[in-house]
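**Student:** Following is a predicted model, sequence given first.
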Amino acid sequence: MTQVAARTRGHYEAWNVRIVSLLTGLMGAINVVSAVTPSLADRMRLLRQISPLQVRYGGRLTAVLAGFALLLLARALWRRKRVAWLLTLVVLAVSVVSQMLKGLNYEEAALAAALALWLLFLRPHFHARSDPPSLWQGMRTLAAALLFTLAYGVAGFYLLDRHFSVHFGLAAALKQTVIMFAQFYDPGLQPVTRLGRYFADSIYTVSAATLGYALLMLFRPVLVRQPASAVERAEAKAIVQAHGRSALARFTLFDDKSYYFTPGGSVLAYVVKGRIALVLGDPIGPVEDAAAAIAGFQGYCAQNDWQPAFYQTQPDYLEAYRRAGLEAVCIGHEAIVDVACFSLAGRTNKGLRSAVTKLDKLGYQAELDDPPLPDRLLRELRAVSDEWLTTIQGAEMRFSLGGFHDDYIRNSPVMAVRAPGGFVSAFANVVPEYQRNEIAVDLIRHRREVENGTMDFLFAHLIEWAKAHGYTTFNLGLSALAGVGQDADDPAVEKALHYIYEHIYHFYNFKGLHAFKAKFHPGWSPRYLIYPGPASLPAVAIALIRADSGNDFLKDYFRDFLEGWLRRRSGARAPVPAQVQAGTGKHANPEAQLAATGADQAEVY
């Protein structure tokens, strides 16, 4: 089958699933409307001759319940849930019977039967699994809901029988609860007080809540509960070392990632947040396997009821993503310095040269330590990192960044800026890009108060070190939203991001970070977010925030905001280390320094 034919068939199958899902929802609405409208008189006369009142009453109520169930199941069918397919067939069968019992509505019954036959024909297309533990939890919840409702009803009727016109013993209370829960005939229940009416109604409220929760558990996407195994991590490391070609390659080996391996020798590192499977960067592996890796991961996501998204992809595979039916939005540009052309000489580099010269004269030094780092240096770097995190009132990021973890930092080359007193005032750790002759940085941290120009000094020496060690380029990282949505023909999503870049500076100084990187005259390479379609963008954005900031990011944000507000109200300041107090005495305001340099640029996008 050709690629065009395969895509056409895929679109045809997708539309079949969508149409049958919409028709299921429509069938649910028909059931509800049919149940609350009177049946035709001639049919009712015939029905009275062949069925008692309680059966006809039960058929009407069953039609209502089946209708609501079909409305709920329609969305799960859209997601191709296998459990939803099976439950829909059951409910449609019940719907056929109930429509005939309530008024010989053979038109609605025929529609339900035809829809059931179509679903049977489409069986292979409903392959999305539910989360196995959640599935069992849903079944246990369903059983518990039935038992709890039964116990609740029996106890209520037995203890509150004075609120009804009938005296209930235990046996009568049990029978009445079963009748009310099943609703197969008119129970003729007559509450005589307000509490009696409230209790009778509450049985349905309790059962609806517990059964609704059970249904949600049955349709829950597959959750990733176990971290990648040691064997999987070793296999991923070997592939990354052989084929890694981006600044993100090192971060795909962190413990928060799960892995999808392809027969063609590629690996995709991802995390799952909600229904979004978020891949860090492009597939890593042979270039010729990229399209197959993307398609394979899409199929894997479909089986697990996930939606795939790719964060910070390069332009290389854009066409492959689009052929797979995914959409792309530019989210910024990576700043990449050609180290052979970098120099502090010339008029355009006057500002950088002045900063470096000034700190040289003050006695500052930039030193690069190769791994493994000694414990003494590691403790000093941690003190700087802790002070930096306190200053920004933040926490360690993850997913597309590293954090200060002893094993990670100990085994990274680190360049530290030492003040005249010998203490470390700022540092950055260096990460490899494996197959590209390029070097990048991850953590960039400094003391609360540092000499003006410290970050210029640090990066200038990092680039000079890269040149001396034969690297071709130096990656300064992503300049988020820079250069996005400026052209008239850019997508609406990118124009919205451009508005954020121009106006939302109260929370993050995008322009300040871009200006800092522009000092080094880099080339700018676009980076993209790949997503299934416009409707998925909010879920993808939330998944990205959760992946980078943690699942409790809102709670952490408001807690940090409140702590900062209380600190400002009380006039308290973070303590300044004694080494800094004994330094040169010329220290920039920390907020101004952060805004001017975009310090720790890797931690804020």
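**Tutor:** Great, that's in hand. Numbering: from 1, shown residues only.
**Student:** how about the strands of this structure, start to end?
**Tutor:** Taking DSSP state E, the strands of the chain run over residues 258-261, 267-273, 276-280, 307-313, 327-338, 365-369, 414-418, 424-432, 438-446, 473-480, 523-531.
**Student:** Which neighbouring elements make contact with the last one?
**Tutor:** Using 3 or more C-beta pairs under 8 Å, 6 or more residues apart in numbering; DSSP states H and E as the contact test, the elements touching strand 523-531 are strand 307-313, strand 327-338, helix 537-549. C-betas here are computed from N, CA, C, even on glycine.
**Student:** do the fourth one as well
**Tutor:** Contact partners of strand 307-313 among helices and strands, from 3+ C-beta pairs under 8 Å, 6+ apart: strand 276-280, helix 290-303, strand 523-531, helix 537-549.
**Student:** how about the strands of the chain in CSV, adding mean neighbour count and distance to Leu377?
**Tutor:** Putting the strands of the chain into CSV (neighbours: other C-beta atoms under 10 Å; distance: least, C-beta to C-beta, whole Å) gives the following:
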stretch, mean neighbour count, distance to Leu377
strand 258-261, 17, 33
strand 267-273, 24, 30
strand 276-280, 25, 29
strand 307-313, 24, 31
strand 327-338, 21, 27
strand 365-369, 17, 6
strand 414-418, 21, 8
strand 424-432, 24, 8
strand 438-446, 24, 14
strand 473-480, 24, 23
strand 523-531, 20, 33
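**Student:** Out of the helices and strands packed on strand 307-313, which is closest to Arg75?
**Tutor:** The minimum distance between Arg75 and the helices and strands packed on strand 307-313 falls on helix 537-549, with 14.2 Å, by C-beta to C-beta.
**Student:** Would you point out which residue is most central in the chain?
**Tutor:** Nearest to the geometric centre of the chain sits Ala543, at 1.9 Å (C-alpha atoms, centre = their mean).
**Student:** got the contact list for that one?
**Tutor:** Going by C-beta atoms under 8 Å, 6 or more residues apart in numbering, Ala543 touches Lys273, Gly274, Ile276, Leu278, Ala309.
**Student:** per-residue confidence at it?
**Tutor:** On the pLDDT scale, Ala543 is placed at 91.
**Student:** Check Phe181 too.
**Tutor:** So, for Phe181, pLDDT stands at 60.
**Student:** One more: Met397?
**Tutor:** Met397 carries a pLDDT value of 80.
**Student:** any idea how far Ile19 is from Leu26?
**Tutor:** 10 Å (C-beta to C-beta, to the nearest Å).
**Student:** cool, Phe520 as well?
**Tutor:** 60 Å.
**Student:** hang on, the earlier thing: could you tell me the least trusted of the helices and strands packed on strand 523-531?
**Tutor:** Mean pLDDT is lowest for helix 537-549 among those, at a mean of 89.
**Student:** Taking strand 327-338 as reference, get the angle to that one.
**Tutor:** Angle, helix 537-549 to strand 327-338, by axes from the mean of the first three to the mean of the last three C-alpha atoms, to 10 degrees: 40 degrees.
**Student:** Output helix 537-549 in CSV with nothing but the alpha carbons.
**Tutor:** Provided in CSV are the C-alpha atoms of helix 537-549 (Å, rounded to 0.1, in the frame of the first residue of the first chain):
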residue,chain,number,x,y,z
LEU,A,537,-3.4,22.8,22.8
PRO,A,538,-4.7,23.6,26.3
ALA,A,539,-4.1,20.1,27.5
VAL,A,540,-0.6,20.1,26.0
ALA,A,541,0.2,23.4,27.7
ILE,A,542,-0.9,22.1,31.1
ALA,A,543,1.0,18.9,30.5
LEU,A,544,4.2,20.8,29.7
ILE,A,545,3.8,23.0,32.9
ARG,A,546,3.2,19.9,35.0
ALA,A,547,6.2,18.1,33.4
ASP,A,548,8.5,21.1,34.0
SER,A,549,7.2,22.4,37.3
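**Student:** which parts of that helix are buried?
**Tutor:** Within helix 537-549, the residues that count as buried by 16 or more other C-beta atoms under 10 Å are Leu537, Ala539, Val540, Ala543, Leu544, Ile545, Arg546, Ala547, Asp548, Ser549.
**Student:** residue contacts, the third one?
**Tutor:** Read that as Val540. By C-beta under 8 Å, 6+ apart, Val540 lies in contact with Ile276, Leu278, Gln307, Ala309, Leu529, Tyr531.
**Student:** Out of these, which two are the most distant from each other?
**Tutor:** Gln307 and Leu529 (13.1 Å).
**Student:** Make TSV from the contacts of Val540 and add distance to Val32 to it.
**Tutor:** Formatted as TSV, those follow (distance: C-beta to C-beta, whole Å):
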residue	distance to Val32
Ile276	33
Leu278	38
Gln307	30
Ala309	36
Leu529	41
Tyr531	35
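**Student:** Closest to Leu373 out of the residues you listed?
**Tutor:** Among the contacts of Val540, Leu278 lies closest to Leu373 (C-beta to C-beta), at 31.4 Å.
**Student:** circling back: distance to Asp289 added to the contacts of Ala543, as CSV?
**Tutor:** Shown next, in CSV, are the contacts of Ala543 (distance: C-beta to C-beta, whole Å):
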residue, distance to Asp289
Lys273, 26
Gly274, 28
Ile276, 24
Leu278, 21
Ala309, 20
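**Student:** Nearest to Ala293, out of those residues: which one, please.
**Tutor:** Using C-beta to C-beta, Ala309 is the member of these that lies nearest Ala293, at 14.9 Å.
**Student:** Touching, that closest one and Tyr528? I think so.
**Tutor:** No. At 10.8 Å, Ala309 does not count as touching Tyr528 under the criterion of C-beta atoms under 8 Å.
**Student:** Mutual contacts of those two, please.
**Tutor:** The contact sets of Ala309 and Tyr528 do not overlap (C-beta under 8 Å, 6+ apart).
**Student:** export stretch 253-266 as CSV, just CAs?
**Tutor:** Extracted C-alpha coordinates of stretch 253-266, given in CSV (Å, rounded to 0.1, in the frame of the first residue of the first chain):
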residue,chain,number,x,y,z
LEU,A,253,18.5,10.2,30.2
PHE,A,254,17.1,11.7,33.4
ASP,A,255,15.0,9.5,35.8
ASP,A,256,11.7,11.2,35.0
LYS,A,257,11.6,9.8,31.5
SER,A,258,10.0,6.7,30.1
TYR,A,259,11.1,5.2,26.8
TYR,A,260,9.6,4.0,23.5
PHE,A,261,12.0,2.0,21.4
THR,A,262,11.5,1.3,17.6
PRO,A,263,12.5,-1.7,15.6
GLY,A,264,14.7,0.7,13.5
GLY,A,265,16.9,1.6,16.5
SER,A,266,15.4,4.9,17.7
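**Student:** For the nearest residue to Cys341 once chain neighbours are set aside, grab the count of nearby residues.
**Tutor:** Nearest-residue entry for Cys341: His521, 7.8 Å, with adjacent residues in sequence omitted and distances by C-beta to C-beta, 6 or more residues apart in numbering. By other C-beta atoms under 10 Å, the residues close to His521 number 15.
**Student:** Tell me if I'm right that His521 and Ala335 touch.
**Tutor:** No. In this structure, His521 is not within contact of Ala335 by C-beta under 8 Å, at 9.4 Å.
**Student:** which residues does the residue nearest to Cys341 contact?
**Tutor:** Shown in contact with His521 (C-beta under 8 Å, 6+ apart): Val337, Cys341, Phe342, Thr348, Asn349.
**Student:** Now which of those would you call buried?
**Tutor:** Among those, those buried by neighbour count (16+ other C-beta under 10 Å) are Val337, Phe342, Asn349.
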